Structures are given as C-alpha cells and as structure tokens.
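> Sharing a model prediction with you, sequence too.
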Amino acid sequence: MSTPDPGSLLDAVRGVPGVAQVEWEPEADPDNPGALRLLLEAGADEVAVATAVNRLLRDRFGLAVDVDRVRVVEETVPAAAGPLDTGPLDTGPAPAPAPSSRQPRLTIERLQLVSEGLGVTVTVTLGLQGRQSMGHAAGAASATGVHRAVAEATLEAVAALVGEQVRLEVEHVEVVTNGAERTVVVVAALLTSRGATRLSGSSVVREDVRQAVLRASLAAVNRRVAALLAGPGG
C-alpha cells in the first residue's frame, strides 16, 4: 500500500491504544511497499489492536489495507516470571520437599505473540537449571485461536525439556467466568510408553488471559513430568 504522509501515518498509529511502538518495514520490490510492525504494550489484545489500526488507516488515510501488511508483535516477560514449582499452581502453597530431595524448577522466561493477517504465531520460552527451551505454535488470529496456540507452544517447550520420553497434546482450553473472577482451564494429554493420561490445570486470570493460559498449561502437566525433569535419582 502507498502512504500519503508516512510521518503522519506512523504518528497516528502510535496513538492507537495498546500500541507501544510502530515501525515501517520496507520491501526491496517497488511494487510491494512493505508492512507495518506494531509492538504492543503488555497485556494488549493483538487482535483488537490490529483491527483498530486497520480501521484508522482506512478511515483517516483512505487506505485499503491488506491485512497481511500489518504485523503485530507482543513480547513480554510474564508478571509471575521466576522459579515455578513443579507441583500444582494456584492452589495454595506446595508442601516443602524433603531436605535430601531437590525438584527441578521451571522458569517462565518469555511469551511472544506475532499477529499477521488472519493468523498468529506464538513462542514460549521456559528455563530449567540454566537451560532454555522454546515452543512454537500457530493459530487463527482470534481469542480462541490465540489461547490454544499459547497452550500448544507451552507444552512443546515442556516436551523439549523432558525429551523423547513423553508427548504432550492440548485437548481443550477454556476461560471460565465465576462472578467477577475468570479462570483458565487447560486439558492436556500426556503420552508415555506406559500409555496416555488425561490431565488438567487451571490458573486465575490476573491481568493477561494469555499468561494465565501459559500457567494453566504448566499446571496441567508439571506434577507428572517432575520426576522426568529430575532425571535419575530425582
């Protein structure tokens, strides 16, 4: 698409709620003017922001925007980042381990979402005793698609840390409303050489539903994979 005044256009896009930064990514092909790259504020809804930006460009600048030319990037360190017990989450303090037993502790390092056109890609980075593991997933650029992609990327990152001993699959992701409180419930399947086990985990939504999806996904599987993460003698 062509821009009548790139400076004014970028300034206008910066004023859209949820936009932290905006950049123009030009293409070498003169017939392909490039794409907008939007960096979101923490907790912003990438689908809503992309829709608002497209409406702004159409209504104020008269641009017929190709949705594939707007790329929305959100990269955050979750508010609860840090050591994450491999026992249940959001259900109260876990029992203290025996002095002679040290369970491995996962850390939530980063959650990145990139929304482009009608799709979204998610990258979840977890840490374990100095190691990092990344999981990737893609889905539709809708609330349901984003939530499922976050869950799938989280379980892929966990499986990469455990190794070929297990396979993890997302069966169901739901946001349950109870009065003024919302809770994310994730149901997953854990497959090992002994068979398949259906697991579930939940996390109360504090600020960002997607971070709650990440934590609920870990809560679903972490009790069962704790021994595998600990390794021999764990």
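That came through, no problem. Numbering: from 1, shown residues only.
> and stretch 139-158, how far out from the chain's middle?
6 Å (C-alpha atoms, centre = their mean, to the nearest Å).
> Can you list the buried residues in that stretch?
Using 16 or more other C-beta atoms under 10 Å as the test for burial, stretch 139-158 gives 139, 141, 145-158. From N, CA and C alone the C-beta is placed, and that goes for glycine too.
> State the mean pLDDT of it.
Confidence over stretch 139-158 (mean pLDDT, whole number) is 94.
> Are we agreed that residue 43 is in a helix?
No - under DSSP: H, G, I helix; E, B strand; the rest coil, residue 43 sits outside any helix and is assigned coil.
> Now it. Nearest residue, chain neighbours left out?
Closest residue in space to residue 43, ignoring its immediate chain neighbours: residue 208 at 4.5 Å, by C-beta to C-beta, 6 or more residues apart in numbering.
> count of neighbours near that neighbour?
18 (other C-beta atoms under 10 Å).
> Grab the two from the buried residues of stretch 139-158 that are most spread out in space.
141 and 158 (24.7 Å; C-beta to C-beta).
> Quick check: the gap between the residue nearest to residue 43 and residue 72.
Relative to residue 72, residue 208 is positioned 15 Å away (criterion: C-beta to C-beta, to the nearest Å).
> How much space separates residue 142 from residue 204?
Residue 142 is 23 Å from residue 204, by C-beta to C-beta.
> Where does the most centrally placed residue in the chain sit, in terms of helix or strand?
Nearest residue to the geometric centre of the chain (C-alpha atoms, centre = their mean): residue 150, 4.0 Å. According to DSSP states H and E, residue 150 maps onto helix 143-162.
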